[in-house]
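J.: Starting from these lines, generate the structure:
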Amino acid sequence: MTSPAADLAQYVAEDITTLSADFVNQEYSLFPAEFAASEGVFAGTTGWPINVSREPATPDDVITFYDTGGFQPDPDCGLEEPTVQVRVRANGYLPAYEKMAAVKKKLIGPDAVFIGDYKYLGLRGDGDVTSLGYDENDRVILVFNLNMMREAI
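T.: Numbering: from 1, shown residues only. The predicted model follows:
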């Protein structure tokens, strides 16, 4: 079983090398690069590293995915309903908002996404982008919550 946050982070990452060292050292399965985003707006040369479950103090501009629980799985039909929060931190409100919009565009809408051992169905937002204000270093923090269904394949 893998973390939904880790799956989605992998899906939006340009390739495995763009994931933070903390993520790579976790006991998550890393998935093939063919599940990576083709838009080229995440990580790599863009300066936006992607993290899972722990946001680093640096760099200033980061994307972090968190598992936030979800709903009780239905063992009769094999569906799980996890939830994930995407958090974007940046030195400016507009760059943060634009990056969050790119994340939303990548994740919201596909009928089904196959990542690793799961088929993700119905990725949908729970509300819209929310500002949590600024951190102690005057960097803006935006969050977006996702609901989804997934089934093992």
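
J.: Could you report the pLDDT at residue 119?
T.: Each residue has a pLDDT score; the one for residue 119 is 88.

J.: What is the neighbour count of it?
T.: 14 (other Cβ atoms under 10 Å). For the C-beta atoms, the positions are set from N, CA and C on the backbone; glycine is no exception.

J.: so after the host helix or strand of it, what's the next helix or strand?
T.: According to DSSP states H and E, residue 119 maps onto strand 118-125. Using DSSP H and E, the helix or strand that directly follows strand 118-125 along the chain is strand 130-134.

J.: And for that next one, what's in contact with it?
T.: Strand 130-134 has contacts (Cβ atoms under 8 Å, 6 or more residues apart in numbering) with 93, 140-144.

J.: Now do the strand holding residue 119: everything it contacts.
T.: By Cβ under 8 Å, 6+ apart, the residues outside strand 118-125 that reach it are 2, 7, 79, 104, 107-114, 144-153.

J.: Which members of those are classed as buried?
T.: 2, 7, 104, 107, 113, 144-151 (16 or more other Cβ atoms under 10 Å).

J.: of these, closest to residue 84?
T.: Within those, the smallest distance to residue 84 is 4.8 Å, found for residue 146 (Cβ to Cβ).

J.: how about the residue nearest to residue 127 when sequence neighbours are not counted, what does it touch?
T.: Closest residue to residue 127 apart from its sequence neighbours, by Cβ to Cβ, 6 or more residues apart in numbering: residue 145 at 6.2 Å. Going by Cβ under 8 Å, 6+ apart, residue 145 touches 68, 83-86, 125-127.

J.: Tabulate the contacts of strand 130-134 in JSON lines, adding columns for pLDDT, distance to residue 12 and secondary structure.
T.: Formatted as JSON lines, the contacts of strand 130-134 follow (pLDDT from 0 to 100; distance: Cβ to Cβ, whole Å; DSSP: H, G, I helix; E, B strand; the rest coil):
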{"residue": "93", "pLDDT": "96", "distance to residue 12": "21", "secondary structure": "helix"}
{"residue": "140", "pLDDT": "98", "distance to residue 12": "20", "secondary structure": "strand"}
{"residue": "141", "pLDDT": "98", "distance to residue 12": "18", "secondary structure": "strand"}
{"residue": "142", "pLDDT": "98", "distance to residue 12": "15", "secondary structure": "strand"}
{"residue": "143", "pLDDT": "97", "distance to residue 12": "15", "secondary structure": "strand"}
{"residue": "144", "pLDDT": "95", "distance to residue 12": "12", "secondary structure": "strand"}
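
J.: Much appreciated, bye for now.
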